[in-house]
Every structure is written in structure tokens, then in C-alpha cells.
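K.L.:
The following comprises the amino acid sequence and a computationally predicted model.
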There are 2 protein chains.
Amino acid sequence: MTDFTITFQPDNISIKVEEGTLIAKAAQDAGVFINNLCGGEGVCGQCRVQITGGKIDRDDQSRAFFSEEELAKGYTLACQTKVHDDLDVLIPPESRIEGAQIMTGESDRSSATGAAASEEQPSGPLVRKVYVELPEPTLEDNMADVERLFRGIRKILGWHQYEITLPCLRKLSEKLRQNDWKVTVSLAREIERYRIIDIEHGDTSMEPCYGLAVDVGTTTVVAQLLDLGKQQVLDVDGTHNMQASYGEDVISRMIFACGKGGLDPLHAAVIRNINQLIRNLTSRNGIAPEAIRAIVAAGNTTMSHFLLGLSPCSIRLEPYVPTAYIYPQISAREVGLNTHENAILETIPSVASYVGGDIVAGVLASGIAESEAVRGLIDIGTNGEIAIGNKDWLVCCSASAGPAFEGGGTRCGMRATKGAIEKVQILNGAVQYQTIGNFAPRGICGSGLIDIIYELVKNRIITPDGKFHRKLSDPRLTFVDDIPQYTIAERDETETGDILVITESDIDNLMKSKGAVFAAIKALMDYIGMPFDQLESLYVAGGFGSFLNIPKAVAIGLLPDIDREKIQFIGNSSLTGARMCLLSEAAMEKSMTISRSMTNIELSNYQPFMDEYIASLFLPHTDRRLFPSVDY
Amino acid sequence: MTDFTITFQPDNISIKVEEGTLIAKAAQDAGVFINNLCGGEGVCGQCRVQITGGKIDRDDQSRAFFSEEELAKGYTLACQTKVHDDLDVLIPPESRIEGAQIMTGESDRSSATGAAASEEQPSGPLVRKVYVELPEPTLEDNMADVERLFRGIRKILGWHQYEITLPCLRKLSEKLRQNDWKVTVSLAREIERYRIIDIEHGDTSMEPCYGLAVDVGTTTVVAQLLDLGKQQVLDVDGTHNMQASYGEDVISRMIFACGKGGLDPLHAAVIRNINQLIRNLTSRNGIAPEAIRAIVAAGNTTMSHFLLGLSPCSIRLEPYVPTAYIYPQISAREVGLNTHENAILETIPSVASYVGGDIVAGVLASGIAESEAVRGLIDIGTNGEIAIGNKDWLVCCSASAGPAFEGGGTRCGMRATKGAIEKVQILNGAVQYQTIGNFAPRGICGSGLIDIIYELVKNRIITPDGKFHRKLSDPRLTFVDDIPQYTIAERDETETGDILVITESDIDNLMKSKGAVFAAIKALMDYIGMPFDQLESLYVAGGFGSFLNIPKAVAIGLLPDIDREKIQFIGNSSLTGARMCLLSEAAMEKSMTISRSMTNIELSNYQPFMDEYIASLFLPHTDRRLFPSVDY
């Protein structure tokens, strides 16, 4: 077969591929990120690229997304176009997934271990170093080396069951005798036992023992590097989930994994992600990847399955049963992570197919499970997950909210990365907006969309059922093929040179999303027979970046109308919970308890949810009594 | 480098080796066994070979062992002679280690699980198959696959902690769904938990689940193939321990391993041994090696260290501390055994550096630890190990007996293999003997030597202090360099064409060996303050083959003079104990209890033992009151 060279711009990255390779595949292999909402099915049109050199053949599916002008300029779909020539491929701004500006939730290094609501004192990290000085054996005290070592550790840590890996046992004799019976052991805790995973000469217990807390999100993967001994966050980094090449949301990726694509590429992608974060974090902190001795990962149930290489195929089919909710503690090397040879990987347990370890971590981080009063957590992403409870009981549910709040499903939506419009105000027909990083706008992220909906209804540009006032005279309101749209940013303001708009169909999607989230909260509160105002706190987590306008989110009916002081945006609570489990045995045990004790209400079959959902498709709601404070 | 071809006779096995390779190394690589007592130091003269084709250079060390006549015939030491030519090497009978006639202890296939003294009803084998039919998940019963599987197993096996290996978890979803939720799992038991190590479609619980019990002896490695479900011994096979190339006894091998040779070759040798036994046993029973799911091994402390690849170097130095007495349960593949990918290897725990898992297995097999009355076990090999006790207490000790009873350290000694003289009677100056397999005699094994000593003293050919009556007129008594020797087999009777004799120095060695064993028993009985006649039973184990003349062993002062009915030869009790642990959880737990509760008396520093040893260097003993029944 002939090989062709594909060069991607603006990054000027080249790769040689075989004839017939899809451009999207070539980009993926080259490490170039291209938007891809539908998983390569050619139906979302997000992977548009411009061929600026070389010849291509386009089929009808590829042509359907473009105007004649665009086709003349060389636009095509990367996921549908095969390579038959050397190509120069320009990835336009709207198709790019940028590596920068990933919201790490707790990107301030000084935030250290300070958690959202209540992070309890750690009772011992997942891996700890213990320095032991052993008495030299004599004829009277002649127990074997390993029993002598266990005895020495017991004097320090108390009575537990101890184990040792075969590689450590093999070097034990020499390690003890070459260093005058003084060694430092690294101990990993398991259920009801500790395992020795490393032995070092002398006292290295004051040298850092490194661990990694990882939030394996559908969109982004974020990791914190920690000094486990000092209980200190050293650094944080995030990257786009490379699985995006196989589909934007978990459902597309499951379809890919359970179809001809197979599980391996998705498993490999998330491992590559974490290894990249390990590389970044260790190199800029001057340590070796082999110094990392423990990893705790939190992710939704599907992401956790991809991480461990477990089949997720049964998750998306009724009755929505995954392979596991509680995952075995394994060797990090067993899944290909580049760490210490005996490092362990612990994955926070899930509750249900659509209520994962990220929510368990969030409940842990927000302190709901220790609270006397009833508190709630809402994690808004492609799925909206809700957990409510206190120290005695916990209920949860998940509703498919659609990708609207994460930048999908709307004409100009994008994720909360640089150039995204995150705040919007409309005053006397003038639109004021603010973008992430103050760059020229490239699209609108979730928090911007919430603001827009609020402003449109507040300014009576749309009606409470989400339709534009057709007779309104406003130069920003235009019609394309009879569908009304409202201009947020003009052509000359944007990076792409295209206008940024919100269409009636976008508003419809956003109302469905906010309706699903609210209906889920309402159904869950009704299930437990409790009015909203009895919630002492409501924590909101999700991929909104660093900003979410709570009053506007209430006013559009996304969040319940309770005292604004009670609602708190806590950012990446999944990462916080993962870090807590890395640092504290009690937190890890608590996460097990949370996962076991939380009652999941399966909404897909729950009639009250369906009723609430229909009632929620209004701004703020068909039942205004639920939103007494809303002033429009 | 030039390669030369070495052909070993009588087996006609050829191998190509580099110039300068030692003949002993070439033999080892070719899989040809040559005697080697000193571990290749050129000091024992046991590896004598005859070069019948090709040229060699001999150094003085090699020449010193041979007469001019022998040198002319091409005799040399295999461990000292390097290859500089194509060679034909004849291994004479006295230097051969034959593969046949390994004493497997329980070679009768019909013996099944019938053990020596008391083998309790198994409470569950190390690995068992369980067939489970799971209810298909519904929206109401929607636990994850693995929790559903655990629930199904708990219904059958009761409440335990269950775990699963990552490879099994990865295929679980597909295994359950492709087979209508009916699967057979293989469960390995660990301390307080069970681990799923295999999942098969449908009901295969009636198909055998295979296990291997292995006695890793210093001289021979013996393995039994078992059907764990039916608790049935299917076959047995034995092979010489290939470590013999690195030294005949454990001390030589430790010196090799802890010197320039390193641990790896010794570890690899015993793994090759077991893999060879697995190959033999599985191929002749028509099963795949991958069908073996569990192995239990018993060996002395040094052998157990070699098996697991642990450093034994501290064992032979005061205070005689090994790396471990209790060994971790590991994956059999982790040490290179050719089994099922998740098969487990359990090694029976040791008590002390010179009281190993073989003795723990022997105590288990002989039922001493469950007995109301006090019983004893003597395992006679290069070390004599003694354990005494009952259900409430156990003491043990080990004495270096020397290799005399295993065929080393005497002029014509050999191991209990074919052609060995195993029974001897002297009547009116005529010697009658019987050889193993009724072959022409090649040497004298331990039981034959015991008989000879008895017959010599009984017939007043030697005095009770082991010296020949110098003035005796007996044609069998001759003098070589003034050292008296007694002819057991004449030149025309033997396979080698050399006479088989016993020399005064042989008798001296044997008296030291029997003295050490008896002194150890006596010192141990005195330690617990109990006369011999209060022993209800005394079990004798060891490499004597199938035969040991108990009355003669008592009469020379090797065994104590108690009621002959109380003394029972039980053969390979190490193998029996290993099998019991493979078949029964209770037995494995018992072996842990035995290893933890047995008190080891370190004789090397114990004055009463030294006194007893000096007093025992007489036939039967300096204190005749200890042997009232002895009639000479």
C-alpha cells in the first residue's frame, strides 16, 4: 500500500498513513484533537476540516454539511473522508479541541487539601512510608526476616494483617543485611490488610511518597500530584479525554466499544491520558514517574469500566447492569500506567450504571454523608446526577440531560475552554459578554447559555415556553429558513469570522436539559417526601468552568428556588473526593459505605419523573408556585 | 568461538557446546545426569567420566582421583575438564543418576488419598469449581454482574469475602451473557477470602479441576496429579532434582547460590523440574498443562526458598535466619510454572531454617498434631529432623546427619535407585543381598548400609566401636593402604566390574550419622522430660525407598529401643501432607498452626545434644541400658 503524508494545521503536525485511512483516524494517531460529537458516524458535522493542499473525494454525506462556497474552499468531514493523496489539513477553530484552559476545579496550587464542604482528617494515606529499625537476629530471637519486618511494623502501626509482594520478598534479605537492619517500607492498604510494595535502604520516610488523584471525566481528565506523607497537593494538570475521537458522550463511546471498534482503543486512550498527565506532572516537579506509588481514580461508571478495561456494553441496555460497581484494587502497571512497579490503583466505587464513582466522590467531598441536616448534590454534565441525604440515608438518581450544558447540541455551543462566552447580559437590546481568558469568542459554554436563556426571557425576547416573539423588532433576531435565531456575537467580533447565535432549536434543547435536571431533583425530593426548603445546602458540581451564575440558573428553572445562600458551586468534587480517598483510609471506607448504602431511583421507568419532566419544559416552570422569587 | 559436539553414552545424547565449556555443564545442558556431591569443586570425585573419543587436557586435580590405568582409559572429572575437541563421553554406572526408580512414596495409583496415619476429611480443596445459575438482571434486581456472581456463589458456599482477578472481571460480562447467566467459576481460597481465577461457560463443574501436590526434596522432586473435585490421586511421577548439578546437598547449593553462581540457576532448576513433571503427568493423562489450577509444594526451608526465588544465604550462617517461614500464596505463573494462567502456588510453611515445610507436612500427615498421646516423627536424610508432640504441644529439632544414609560419604554408597543393595544378611561368612529391581548391584543404599552395620557387629566382624577385628581370618576382610575393608559384592557380581566394599572409614561416617540422629531424638525427649517408652508411636520418613528394616535400625542405635510395633515407616510424608493441604482448607490451616506452634530446639548450640552425640558413637550406644532388647 502507498503511504501518504498528512500535515495538520495550525499545529503543523505531520503523519504518514496508509491509503484509505480516514482523516479523523490520522489526526487521532498524530495526537491532534478534532471535535467529534457523534463518534464518527458523520451525523454531527463537528469534525469539519479544510483541505488546503492535495485532492480528496467526498461522498454525499460529507457534502451535505457544507455550502457550495465551503465545498469550493475544500471543507469536508474528517470522519468520513479517506486519504488518497498527500494532504494539508487545516482544522478550523470551531473543530479544534484545545489542550489549554482545562478546568481543573482546584487549579490553585495553594488550595492544598482544603475541600469543598467537609474533608475530614485523613486517617492514613493509601500508601505510606514507614521507617523501621529492626533488632539484628540472634539465636534466641531468630524469626525469619519477613516476620521480623512485620513485627517491627506492628510496633509502629499496631496489629494488622500484613502481606508482601513476591518481588519485595525476593530482595528483603539483602536489603536488611546491607543496611544494618534499617529500612523504609512502602505500605499499601487493602481491605483489612497492608501490603509491602517497596523496601528502601535506610530512612527515606521523610522523602516524599507520591500519589495521584484522578478525575476521569467524559470530557476532561484531571490529575493532582500529591505528597502523601505531608498530605499536600503539589501540582495539578488536565487534558481532554482522548476518547473524544471515538464519540463525544459516553453513549457514542459505548456504541463504538461494543461495535466493530472494540474496547481496546477506549481503554488505551484513557491510559494514554493519565500517562500524559503523569509525564507532565512528574517532569515539571523534577521527579520520576516511578516515584508514584498510589493512584485513586474517580469517574462515572462507564469511564471506570474503560479505565480498567471492563466491558461497558450492558450499561446502556435495560436493565442497565454494569460489570462491577465495586472495583478490585489492582496494580497500576496491570493496566499500563507508568508508575512505580508495585503502585496500586484504586477506583472509587459506583452506585448504579448512571451514578458513578464521581458522584460517590462528590458526596464524600461535600460531606453530605456526615451531615445531620439533609443536603443535596447536583452534578451537571451530559447526565445530571443528583444525590440527596444525610448521615442516615442517601438517595440518588440520574437523568439524561443531553450535552447542551457541555457545549453539545447547540449551534454555537462549546466546552468551557478559552474563547468560550461564559457570561452574558442583555441591556436595552445590547449584548454584553465575557469570554474565558478574554479571547475573541469562539462559542458559548454552559454557563453562557444559562445566562442567555435568562436574559432572553427577562428581556421578553422569548416567551416562557422558549419561543421567540416573532413580531419583535430587534436587528439581532433574524430568520434562516424560517427558523428564528438571536445574534450573540457579530461576525467581526469572533475568532472564526462567523456570527455566534442561539436558535430556537438550541433553546428547545436547553429547556429539555434544564427540565430533565430539575425534574430529577423534584422527583427525588418527592420520593423522600420533602419540600425543597428543607434542604440545608445544595452543592452544584459540573463542567461549567470556574463560573456559574446561581440566581440565573434558578431563574430559568434549572435549580430549585431556595435561599441562594444555600446553593454553592463546588467545581470538580469528583477530584476532591478522589484526593480524600488517596489521603485517608477513613474516606476510602466512607466511599464504600456511600456506594453500598445509596439508593438509586431509576428514573427511566419512574412515572413521576416523566410527569415532572413535561411540567418543567417552561421558563421557569409550568407551576410558578415552585419559583416564587423569580421576577419575570 | 568454535563449537564442539559432545556425545554422552550410554544414552547417546549429543549437544553442541562452545570451546572451553566444562563437561559437567554440557551434561547439565543436555539433560544428562552426572553425580556431583561437592557442587563442582573437584573434591568429591563423584563425577568421574570416561572419554572414549576425542582429546582432553587434565589438570592435576583431575588426575589425582585416578589410577594410571584409569587415566590411560580416559577417565577424568566432568566438573574440572573443559571441552577443546569433539568428545564421546561415557558416564560409568557409578556416576550415573538414573531417572527410573525414584521413590515416590505412594506410587500405587490406587492409594488415592489414604494417608499414613490420620488424614482428616477435606473441608474444601485449594481450588474448587462451582456452577452457578444466576437470575437474569431486571430493573428491580439490577446489581452489577460481579456482585450478582458473588451473590450466586454465596448462596452455595455461604458468606465469605470474594474477590476476582482483573482478567476474569474483564471477560465476565460476555461470559454471563453468552451463556444465559450459567457459568462455572474456579475459586481459589486465600486466608479469609476466595478469589475467582477462572470463569467457564455453562456447567463444567463435573469436569475435573486439576491440582498438583509436590514434594521438593533435595535429591528428588515428586509430584502427584489430583482431581480436586473427586479428591482422587490420578498419577504420580518423580525426577531427580536438577539442582544436583550445583551441589549434592543444600549446603553446597547455598554456597553456589550465594557465591558467583547466583540464585537464578537454582531457582530455574527446580522450576524446570516441576514443569517436567507437569509435562509428564498431563501428557500421559491426556490433559493440557493449562488445566492445572492449584499447586501445593512442600520442601525444606532452603528448597522452599529456591522454589520461590528467595535468597537462602542467611540460612547457613548463625543465627540461621531465612527470608520467610510463611510464604505468600502466589500465582504459579509468577515463578514460571506452566499451568493455568491464574493457577495458584501455595508453599507449606517452615518452622526454622533446618525444619522446613516437609516436616510440617509430615507432622500433618502423621496426625501427631491431633493426637492425645505423644507421638514422634523422624525424617532421615542429609539432615535428620525430629518432631515430637501431641495436640497440645510440638517440639522439633534438626541434626546434620551427613549424606551417609542417602548414599553419600561412603565408598560404595548410592541412592535408593535401581541396582542399589537394599537388604543384606551375613550368615556363616556368606553375604546375601537383595538389590532394588533385582539388577546387578551398582552400590549400596541407606537401608543396605544399616543392614551391613548390624550384620558386621552381630557376626563380630566389627567391634561395638566400629573397628574391624584386625586379626579376624575372613577372605572378605582385606586391607588397602592398611585401611580394612569388607567385601559385600565381588567383582564378577557387580554391574561395574568393581568390588563393592564397606571400609572402616565408611563405618565411621555411618556411626556419626546414626549417632547424630539418635542424639537428636534423645536430646529432644530429655528436653521435654519424657522417657522413650511413653512415645505411643514413632513414624519414620525418608529416602530409604520402600524398605527399612526397623529392628536392625534399632539394633545399630539409629532408632530408640521401643516396642517395634510402635515404629512405623511411612515413606514420603512430605508429599502426603502437601496433598492434604491441596485437598483441604482445614489441613492448610492446620499446617499454619503447626508451623507457628512448633518449638524448635537449636541443637548447634545445645550442650546436652553434644554430650548425647559423643555417647552415641558406639554400637548400639555407650549406655547399653538404653537398648535393653539388643542381643549382641
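P.N.:
Yep, that arrived.

K.L.:
In PDB, list the C-alpha atoms belonging to the helix or strand of chain A with the lowest mean pLDDT.
P.N.:
None of the helices or strands of chain A scores lower by mean pLDDT, DSSP states H and E than helix A:60-63, at a mean of 73. Provided in PDB are the C-alpha atoms of helix A:60-63 (Å, rounded to 0.1, in the frame of the first residue of the first chain):
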ATOM      1  CA  ASP A  60     -22.900  12.800  -0.300                       C
ATOM      2  CA  GLN A  61     -22.800  12.500   3.400                       C
ATOM      3  CA  SER A  62     -19.700  14.700   3.600                       C
ATOM      4  CA  ARG A  63     -21.100  17.300   1.100                       C
END
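
K.L.:
Buried residues, it. List them.
P.N.:
Buried residues in helix A:60-63, counted by 16 or more other C-beta atoms under 10 Å in any protein chain shown: residue A:62. All C-beta atoms are positioned from the backbone trio N, CA, C, and that covers glycine.

K.L.:
Show me the contact partners of it.
P.N.:
A:42, A:71, A:76-77, A:80-81 (C-beta atoms under 8 Å, 6 or more residues apart in numbering or on different chains).

K.L.:
cool, stretch A:550-566 as well?
P.N.:
Everything outside stretch A:550-566 that qualifies as a contact, by C-beta under 8 Å, 6+ apart, is A:378, A:380, A:450-451, A:453-454, A:457-458, A:514-515, A:517-518, A:521-522, A:525, A:532-533, A:535-538, A:540, A:567, A:569, A:616, A:618-621, A:626-632.

K.L.:
check contacts around the residue nearest the centre of chain A.
P.N.:
Central residue of chain A (C-alpha atoms, centre = their mean): residue A:217, 2.0 Å from the mean position. Shown in contact with residue A:217 (C-beta under 8 Å, 6+ apart): A:241, A:299, A:303, A:358, A:381, A:543, A:574.

K.L.:
Mind checking which of the residues you listed are in strands?
P.N.:
Mapping the contacts of residue A:217 onto strands (DSSP state E) picks out residue A:299.

K.L.:
Of the contacts of residue A:217, which is the most crowded?
P.N.:
Greatest neighbour count in the contacts of residue A:217, by other C-beta atoms under 10 Å in any protein chain shown, goes to residue A:574: 33 neighbours.

K.L.:
That one and residue A:580 touch, don't they?
P.N.:
No - Residue A:574 is beyond contact range of residue A:580, at 10.9 Å (criterion: C-beta atoms under 8 Å).

K.L.:
what residues are shared contacts of those two?
P.N.:
Common neighbours of residue A:574 and residue A:580 (C-beta under 8 Å, 6+ apart) are A:361, A:365.

K.L.:
burial measure for residue A:29, as a count.
P.N.:
The burial count for residue A:29: 14, using other C-beta under 10 Å.

K.L.:
Would you mind giving the secondary structure of it?
P.N.:
Here residue A:29 is recorded as helix under DSSP: H, G, I helix; E, B strand; the rest coil.

K.L.:
wouldn't it be in contact with residue A:15 here?
P.N.:
Yes - here residue A:29 reaches residue A:15: they are 5.9 Å apart, a contact under C-beta under 8 Å.

K.L.:
OK, contacts around the nearest residue to residue A:507 once chain neighbours are set aside?
P.N.:
Leaving aside its sequence neighbours, residue A:507 sits nearest to residue A:466 (C-beta to C-beta, 6 or more residues apart in numbering or on different chains; 4.6 Å). Counting by C-beta under 8 Å, 6+ apart, residue A:466 makes contact with A:504, A:507-508, A:511, A:617-619.

K.L.:
I'd like these written out as JSON lines, with pLDDT, neighbour count and secondary structure added.
P.N.:
Converted to JSON lines, those look like this (pLDDT from 0 to 100; neighbours: other C-beta atoms under 10 Å in any protein chain shown; DSSP: H, G, I helix; E, B strand; the rest coil):
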{"residue": "A:504", "pLDDT": "94", "neighbour count": "17", "secondary structure": "helix"}
{"residue": "A:507", "pLDDT": "95", "neighbour count": "26", "secondary structure": "helix"}
{"residue": "A:508", "pLDDT": "94", "neighbour count": "17", "secondary structure": "helix"}
{"residue": "A:511", "pLDDT": "95", "neighbour count": "22", "secondary structure": "helix"}
{"residue": "A:617", "pLDDT": "95", "neighbour count": "19", "secondary structure": "coil"}
{"residue": "A:618", "pLDDT": "95", "neighbour count": "17", "secondary structure": "coil"}
{"residue": "A:619", "pLDDT": "95", "neighbour count": "27", "secondary structure": "coil"}
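
K.L.:
Chain B: which of the residues you listed is nearest?
P.N.:
residue A:617 (25.3 Å; C-beta to the nearest C-beta).

K.L.:
roughly how far apart are the residue nearest to the closest one when sequence neighbours are not counted and residue A:380?
P.N.:
Excluding the flanking residues, the one nearest residue A:617 by C-beta to C-beta, 6+ apart is residue A:515, at 4.8 Å. Separation of residue A:515 from residue A:380 (C-beta to C-beta, to the nearest Å): 13 Å.

K.L.:
try residue A:362
P.N.:
With distances taken as C-beta to C-beta, residue A:362 is found 11 Å from residue A:380.

K.L.:
and if you look at residue A:75?
P.N.:
Distance, residue A:75 to residue A:380, using C-beta to C-beta: 33 Å.

K.L.:
More neighbours: which of these two?
P.N.:
When neighbours are counted by other C-beta under 10 Å, residue A:75 and residue A:380 differ, and residue A:380 comes out ahead with 25 against 20.

K.L.:
Surely the more buried one is in contact with residue A:405?
P.N.:
Yes - Residue A:380 lies in contact with residue A:405 (C-beta under 8 Å); the separation is 5.5 Å.

K.L.:
Now the common contact residues for the two.
P.N.:
Listed as contacting both residue A:380 and residue A:405 by C-beta under 8 Å, 6+ apart are A:446, A:542-544.

K.L.:
Could I get the full set of helices for the stretch 201-350 of chain A?
P.N.:
A:250-258, A:264-284, A:301-308 (DSSP state H, counting those that start in this stretch).

K.L.:
Tell me the one of the shared contacts of residue A:380 and residue A:405 nearest residue B:419?
P.N.:
Checking these against residue B:419 with C-beta to C-beta, the nearest one is residue A:543 at 82.2 Å.

K.L.:
Let me see the ranges of the strands in the stretch 151-300 of chain A.
P.N.:
Counting by DSSP state E, counting those that start in this stretch, the stretch 151-300 of chain A has these strands, from start to end: A:161-164, A:182-190, A:193-201, A:210-216, A:220-227, A:232-240, A:292-299.

K.L.:
ditto for the stretch 451-600 of chain A
P.N.:
A:477-480, A:483-489, A:500-503, A:537-542, A:567-571, A:599-601.

K.L.:
Distance from the chain centre to the least confident helix or strand of chain A, please.
P.N.:
Relative to the chain's own centre, helix A:60-63 is displaced by 33 Å; criterion: C-alpha atoms, centre = their mean, to the nearest Å.

K.L.:
Could you point out the helix or strand that follows it?
P.N.:
Downstream of helix A:60-63, the next assigned helix or strand under DSSP states H and E is helix A:68-73.

K.L.:
Tell me the helix or strand right after that next one.
P.N.:
Per DSSP H and E, the helix or strand that comes after helix A:68-73 is strand A:75-77.

K.L.:
quick one: strands adjacent to that following strand?
P.N.:
strand A:48-53 (antiparallel) (DSSP bridges).

K.L.:
which residues are contacting the partner strand?
P.N.:
Here strand A:48-53 makes contact (C-beta under 8 Å, 6+ apart) with A:7, A:9, A:23, A:34, A:65-66, A:73-78, A:86-92, A:94-95.

K.L.:
Which of these are buried, as a ChimeraX select command?
P.N.:
Listed next is the ChimeraX selection for buried residues among these, using 16+ other C-beta under 10 Å:
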select /A:7,9,23,34,65,66,74,75,76,77,78,87,88,89,90,91,92,94,95
